[in-house]
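>>> sequence and predicted model, in that order:
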Amino acid sequence: QVQLVESGGGLVQAGASLRLSCSASGRTFSSSVMGWFRQAPGKEREFVASINRSGLSTYYADSVKGRFTISRDNPKNMVHLQMNSLKPEDTAVYYCALKKFPPDAYDYWGQGTQVTVSS
């Protein structure tokens, strides 16, 4: 069983930065694809970024490309999302997710952390 715990959310002004972190339990972290998703009030959950097992390949939603950076630390079972130049439209609950067997769906999800960007 895998448990994912996000941290680092908060309330910031537009243009500020935040760094989200996700800690994973279990032995599958280093062999799994990790992703970040977000869900704004009244909207569907959407993909934000993902990173492959080695950390050498990353993917981003167009809306965050150039502003957000995903990274991972396999020895520490951690994945991070550095968010720069935040905009009010980035306001959402951010979720960390783990995928054991690409291209299958993500298997495990965290509880989410709130990010609020004021204008």
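Yep, that arrived.
>>> rest of the way, CA atoms for contacts and neighbours
Fine.
>>> checking the closest residue in space to Gln114 that isn't next to it in sequence next. Helix, strand or coil?
Closest residue in space to Gln114, ignoring its immediate chain neighbours: Val93 at 4.4 Å, by C-alpha to C-alpha, 6 or more residues apart in numbering. Following DSSP: H, G, I helix; E, B strand; the rest coil, Val93 is assigned to strand.
>>> where along this structure do the strands fall?
4-7, 10-13, 18-24, 33-39, 46-51, 58-60, 68-73, 78-83, 92-99, 108-109, 113-118 (DSSP state E).
>>> partner strands of the first one, with direction?
If you go by DSSP bridges, strand 4-7 pairs up with strand 18-24 (antiparallel).
>>> thinking again about what came up before, can you list the strands of the chain in CSV and add mean pLDDT and mean neighbour count?
Putting the strands of the chain into CSV (pLDDT from 0 to 100; neighbours: other C-alpha atoms under 10 Å) gives the following:
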stretch, mean pLDDT, mean neighbour count
strand 4-7, 97, 20
strand 10-13, 98, 15
strand 18-24, 98, 21
strand 33-39, 98, 23
strand 46-51, 98, 21
strand 58-60, 98, 17
strand 68-73, 98, 20
strand 78-83, 98, 21
strand 92-99, 97, 24
strand 108-109, 96, 18
strand 113-118, 98, 20
